[in-house]
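> Mind folding the following:
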Amino acid sequence: MTARLHVSAAGPLVSVQDAGRPGFARFGVTASGPMDRLAFATANVALGNSIGAAAIEVSLGGLKLDCVEGPVSLAVAGGGFIVETDQKFGSWQVLTLTAGQSLTIRRGPWGSWCYLAIAGRLECATWLGSSATLGTSGFGGGKLVAGRELTIHAPRVVTARPLACPVFARPRHRLHVTLGPQDRFFAPETLRDFQKGLFALSTAYDRMGVRLSGPELVPNVALTMPSEPVTRGAVQVAGDGVATLLLADHQTTGGYPKIATVLDCDLDGAAQLRSFDALMFRPVTPAEATARARLHSALTARYLQSVTQA
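Numbers count the residues shown, from 1 in each chain. This next block holds a predicted model:
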């Protein structure tokens with residue numbers, strides 16, 4: 001048994017994502033995966049899917065699907081998007097589509113990304129064992145464009161219900177960081193500006209990263225450092241003093257200094273910020289970073305257990 005969904009319209013950066021493809025950075029391949037991993041996991045477990053099953057990542061450009069063959073249940077979680085079928089909902093919902101119905105997801109009052117999980121197995125391409133779509137190439141499950149048809153194998157129907165949106169799933173305007181690994185390349189007054197200054201997301205924003213407007217963070221040494229591995233959450237500073245926060249599709253190596261690294265537990269909230277939203281960086285000690293990571297892991301596990309579809 002199958003269900004089929006026809007893509008009537010899809011904004012830029014709407015793509016298939018699974019939990020990602022770790023382990024290939026040494027070959028120049030980033031892990032990709034969802035920009036907001038908590039929302040992605042929530043949508044999947046709410047339907048009884050595996051936590052890393054392929055789902056659809058929806059950008060602010062929105063998405064419209066027509067159900068050609070059903071029924072099939074869906075879950076939407078992530079930013080505060082607006083979801084319309086025969087009724088209008090907020091996101092954070094489990095609902096069911098039947099043949100002849102349409103689903104529209106469009107930007108709402110907050111957030112930049114939401115996730116549409118499907119009760120069943122979404123048929124899609126894989127690359128290096130993963131259906132996570134690398135935005136620069138389209139390799140993986142691929143980008144969604146008008147006219148594409150989605151086939152779902154073994155579709156299921158589950159009980160429609162709202163999902164609780166936890167406080168820690170909201171956009172995060174204060175990002176905790178550990179300084180370095182190249183904070184030594186910046187003068188003390190520049191480090192002070194970084195720690196106390198107000199930044200904002202620019203419009204130069206995609207799945208690789210986002211350039212920030214705010215205090216200039218010009219390095220005080222020549223930029224002759226060799227390229228080295230970089231990680232999601234790195235705050236990389238170019239020669240013009242402009243900082244970039246690296247995100248899910250970040251390059252695997254870089255030759256610019258990293259003034260700090262955002263704690264992984266803050267990155268989902270950072271991804272839900274929109275262009276022109278303000279943010280500040282707050283350095284923490286390694287011990288505090290560890291404590292925050294453990295607390296976030298415990299809260300996330302407890303929350304996901306509460307929404308798990310039996």
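
> pLDDT wise, what is the residue positioned nearest the centre of the chain at?
Centroid check for the chain by Cα atoms, centre = their mean gives Met35 as the closest residue, at 1.1 Å. Listed pLDDT for Met35 reads 98.

> residues contacting the nearest residue to it once chain neighbours are set aside?
The shortest distance from Met35 to any non-neighbouring residue, by Cβ to Cβ, 6 or more residues apart in numbering, is to Ala271 (4.2 Å). In this view, the C-beta of every residue, glycine as well, is placed from N, C-alpha and C. Contacts here follow Cβ atoms under 8 Å, 6 or more residues apart in numbering; on that basis Ala271 touches 35-36, 112-113, 247-248.

> Please convert the residues you listed to TSV, extending it with secondary structure.
Conversion of the contacts of Ala271 to TSV gives the following (DSSP: H, G, I helix; E, B strand; the rest coil):
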residue	secondary structure
Met35	coil
Asp36	coil
Ser112	strand
Trp113	strand
Leu247	coil
Ala248	coil
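
> biggest separation within those residues, which pair?
Within those, Ser112 and Ala248 form the most distant pair, 12.1 Å apart (Cβ to Cβ).

> Now the common contact residues for the two.
35, 271.

> surely Ile259 meets Arg184?
No - counting by Cβ atoms under 8 Å, Ile259 sits too far from Arg184 to count as a contact (9.9 Å).

> quick one: which of the two has more around it?
Neighbours per residue, other Cβ atoms under 10 Å: of Ile259 and Arg184, the larger number sits with Ile259, 26 against 13.

> In the lengthiest helix in the chain, which of the residues would be classed as buried?
Ranked by residue count under DSSP state H, the longest helix found in the chain is helix 286-307. Neighbour counts over helix 286-307 (16 or more other Cβ atoms under 10 Å) mark 289, 292, 296, 300, 303-304, 307 as buried.

> now do stretch 258-275
258-273.

> before we move on, back to that, quick one, what contacts the residue nearest to the centre of the chain?
Contacts of Met35 by Cβ under 8 Å, 6+ apart are 57, 112-113, 207, 247-248, 268, 271.
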